[in-house]
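Engineer: compute the structure for the input listed below.
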Amino acid sequence: MGRLYIAIIIVLFASVGINILNAQNTVGLISFSEESYDGYTLITPINYNKTYLIDNCGNIINQWEAESEAAMVAYIHSDGSLYRTARLPSMFNAGGSGGRIDKYDWNNNLVWRYDVNSETEQQHHDIEVLPNGNVLVLSWNLKSPEEALASGRKPELIPTLGIWSEKILELKPISLDSTEIVWEWDVWDHLVQDYDPQLPNFGSVKESPHKIDINYFENQFSMVPDWLHCNSVDYNSELDQIMISCRNFNEFWIFSHDPSHASNGDLLYRWGNPMTYEQGLETDQQLFGQHDAHWIEEGRPGTGNVMIFNNGVDRPDGLYSSVIEIELGDLENGTYPLDQGASFGPIEPLWTYPSIPSMDFFSARISGAQRQPNGNTLICSGRRGDIFEVTEEEDIVWQYISPLNAAGPVVQGNPASGNDLFRAYRYPPDHSAFQDKIINSGPVIELGASATGCTSIISNVNDERKILQVKIFPNPTSRIIQLEGLKEVSTAMIYSLDGAILKKQTVSNLSTIDLGHFSEGLYILSINSLNGQRIVNKIVNKY
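Structural biologist: Residues are numbered from 1 along each chain as shown. As a prediction, the model looks like this:
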């Protein structure tokens with residue numbers, strides 16, 4: 001049986017339920033509460049060559065150091081390896097440029113590398129690691145002025161050097177320097193235009209909602225080569241579908257990954273701005289420069305719904321961001337329903353944070369959000385490097401500000417300007433990536449760290465050398481706690497939430513601890529072995 005490591009974050013919080021740290025804390029852990037979902041958060045600072053995995057107290061669990069500065073994202077795969085993008089010099093001069101995908105093992109050894117970086121093509125913004133280890137890569141693809149004209153682009157909308165299509169490549173890593181491209185999808189194969197009737201893609205944009213109008217956007221982006229500016233890619237293995245966010249269209253798209261699907265790669269679904277296919281007005285637009293459109297993961301509240309960080313750029317009622325969740329319609333014969341002459345639903349989001357718009361919450365670019373297994377939502381306000389976790393009721397139960405910029409970690413107490421984060425991602429402690437890994441809780445990232453009162457205990461529950469297979473029950477309890485499976489004589493200590501030791505006793509297998517004289521409430525139980533191993537649990541005493 002593989003070894004499973006579980007991190008138990010002990011939160012010693014005030015009676016109001018959240019611990020707000022010393023006012024001098026400007027970076028790192030800012031506040032925490034027991035309502036936060038315990039896990040490991042991956043942060044990849046833009047323009048920096050390290051990626052960090054931290055626990056809920058901000059302690060470093062693991063770090064990877066690369067040759068090049070980060071482009072945008074990194075992900076941990078199920079085997080514990082890290083897939084990371086890096087920025088290379090390129091003629092594609094636009095926000096989100098990258099060019100390289102690296103794979104490192106848990107111990108920071110480079111095991112695979114692939115560059116999508118030439119005069120005509122470059123990886124940018126995001127990648128998606130598939131369950132089989134293949135990688136979907138979002139890539140710009142240069143089309144010459146002649147190619148643009150031959151596809152129905154209006155001459156006055158063609159930049160001198162041409163325009164960029166969006167392509168998705170599926171890469172199969174084979175060895176360090178060996179890669180196979182096993183699948184491709186290109187926007188250029190799914191265009192429609194009503195400008196030149198002599199071309200094969202001529203048609204009514206309004207009657208072709210599953211196609212992409214090559215002449216949409218006759219505004220400030222009309223002469224920009226990066227006329228689409230897609231910025232995220234996600235994959236749904238159950239549906240075998242891909243989702244990408246197209247910022248300049250203010251919408252996200254879904255299409256099939258299956259080459260035999262009847263849609264032939266055309267859009268199955270699109271949402272956010274029905275003006276792109278002439279089925280709505282400005283008042284119908286819901287997305288404004290959005291990022292990180294993705295399906296909510298299986299096993300989490302809202303599974304199968306779509307979550308989006310709606311940046312709010314050029315929003316008519318003011319500049320503010322929001323995180324929204326929408327519910328997709330049921331598939332009908334492998335496609336999403338769409339009535340003739342109508343736009344794709346829903347009319348409005350299922351959930352929005354914040355429910356009341358706030359101008360204090362605004363990130364003009366980058367950013368993302370992720371639903372947690374306990375129903376909370378982890379939000380990365382990228383332009384501020386601010387990661388915070390909210391409950392469904394909109395209470396902030398955890399906040400962390402990235403202490404990193406291009407120069408490295410800053411000193412606690414100083415602001416961290418230039419600490420942009422494209423996205424942050426939290427992994428549950430029982431994720432398969434952490435099986436059979438030696439996990440230690442290290443220092444925090446920032447320099448001159450102050451005490452936080454947040455303690456992280458990382459324990460190996462299946463290692464025969466350790467005490468931590470102990471079963472603690474019942475919990476909640478009406479007075480008596482029983483211990484079963486303790487492998488050696490140890491010391492048990494009961495703490496109040498302010499850190500005071502209330503009880504101390506020697507325990508062994510089948511021991512009991514009497515809480516009869518304790519008042520009703522929450523306590524911390526710490527069991528410490530003679531060899532220095534420790535397990536910590538939250539205990540609820542009730543009458």
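Engineer: what's the span of stretch 388-395 from first residue to last?
Structural biologist: Terminal residues of stretch 388-395 are spaced 10 Å apart (Cα to Cα, to the nearest Å).
Engineer: for that stretch, what is the average pLDDT?
Structural biologist: For stretch 388-395, mean pLDDT is 97.
Engineer: not counting that stretch itself, show me its contacts.
Structural biologist: The contact list for stretch 388-395 (Cβ atoms under 8 Å, 6 or more residues apart in numbering) reads 18, 35-37, 301, 351, 353-355, 372, 375-379, 381, 396-400. To be clear about C-beta, it is placed using only N, CA and C from the backbone, and glycine gets the same treatment.
Engineer: which of the residues you listed are buried?
Structural biologist: For the contacts of stretch 388-395, a neighbour count by 16 or more other Cβ atoms under 10 Å gives the buried set as 18, 35-37, 301, 351, 353, 372, 376-379, 381, 396-400.
Engineer: among the residues you listed, name the ones in strands.
Structural biologist: Members of the buried ones among the contacts of stretch 388-395 lying in strands (criterion: DSSP state E): 18, 351, 353, 377, 378, 379, 381, 396, 397, 398, 399, 400.
Engineer: which ones are touching the fourth one?
Structural biologist: Each residue near residue 377 by Cβ under 8 Å, 6+ apart is listed here: 307, 323, 353, 369, 370, 371, 389, 390, 392.
Engineer: closest to residue 74 among the residues you listed?
Structural biologist: residue 370 (14.2 Å; Cβ to Cβ).
Engineer: show residues contacting the helix or strand hosting the closest one.
Structural biologist: Using DSSP states H and E, residue 370 maps to strand 368-371. Contacting residues not belonging to strand 368-371 are listed as 232, 291-292, 296-297, 300-302, 307-309, 323, 325, 377-380, 382, 422-426 [Cβ under 8 Å, 6+ apart].
Engineer: thinking again about what came up before, nearest to residue 492, of the contacts of residue 377?
Structural biologist: residue 389 (30.9 Å).
Engineer: quick one: buried ones out of the contacts of strand 368-371?
Structural biologist: Among these, those that count as buried by neighbour count (16+ other Cβ under 10 Å) are 232, 291-292, 296, 300-302, 307-309, 323, 325, 377-380, 382, 422-426.
Engineer: you'd agree residue 84 is in a helix?
Structural biologist: No: under DSSP: H, G, I helix; E, B strand; the rest coil, residue 84 falls outside any helix and is assigned strand.
Engineer: contacts only, for it.
Structural biologist: 44, 51, 64, 66, 70, 73, 74, 75, 101, 102, 103, 104.
Engineer: ditto for residue 422
Structural biologist: Taking Cβ under 8 Å, 6+ apart, we find residue 422 in contact with 44, 46, 72, 73, 125, 366, 367, 368, 380, 382.
Engineer: would you turn those residues into JSON lines with pLDDT and distance to residue 336?
Structural biologist: JSON lines is the format used below for the contacts of residue 422 (pLDDT from 0 to 100; distance: Cβ to Cβ, whole Å):
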{"residue": "44", "pLDDT": "96", "distance to residue 336": "33"}
{"residue": "46", "pLDDT": "92", "distance to residue 336": "34"}
{"residue": "72", "pLDDT": "94", "distance to residue 336": "29"}
{"residue": "73", "pLDDT": "96", "distance to residue 336": "27"}
{"residue": "125", "pLDDT": "98", "distance to residue 336": "25"}
{"residue": "366", "pLDDT": "98", "distance to residue 336": "28"}
{"residue": "367", "pLDDT": "98", "distance to residue 336": "26"}
{"residue": "368", "pLDDT": "98", "distance to residue 336": "24"}
{"residue": "380", "pLDDT": "98", "distance to residue 336": "28"}
{"residue": "382", "pLDDT": "97", "distance to residue 336": "30"}
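Engineer: of all those residues, which comes closest to residue 83?
Structural biologist: Relative to residue 83, the closest of the contacts of residue 422 is residue 73; by Cβ to Cβ it sits at 8.5 Å.
Engineer: correct me, but the closest one touches residue 45?
Structural biologist: No: judged on Cβ atoms under 8 Å, residue 73 makes no contact with residue 45 at a distance of 11.5 Å.
Engineer: hmm, back to that, would you put the C-alpha positions of the strand holding residue 370 in PDB?
Structural biologist: Provided in PDB are the C-alpha atoms of strand 368-371 (Å, rounded to 0.1, in the frame of the first residue of the first chain):
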ATOM      1  CA  GLY A 368      -8.200  33.100 -11.500                       C
ATOM      2  CA  ALA A 369     -10.400  31.100  -9.100                       C
ATOM      3  CA  GLN A 370     -10.800  27.500  -7.900                       C
ATOM      4  CA  ARG A 371     -13.600  25.800  -6.000                       C
END
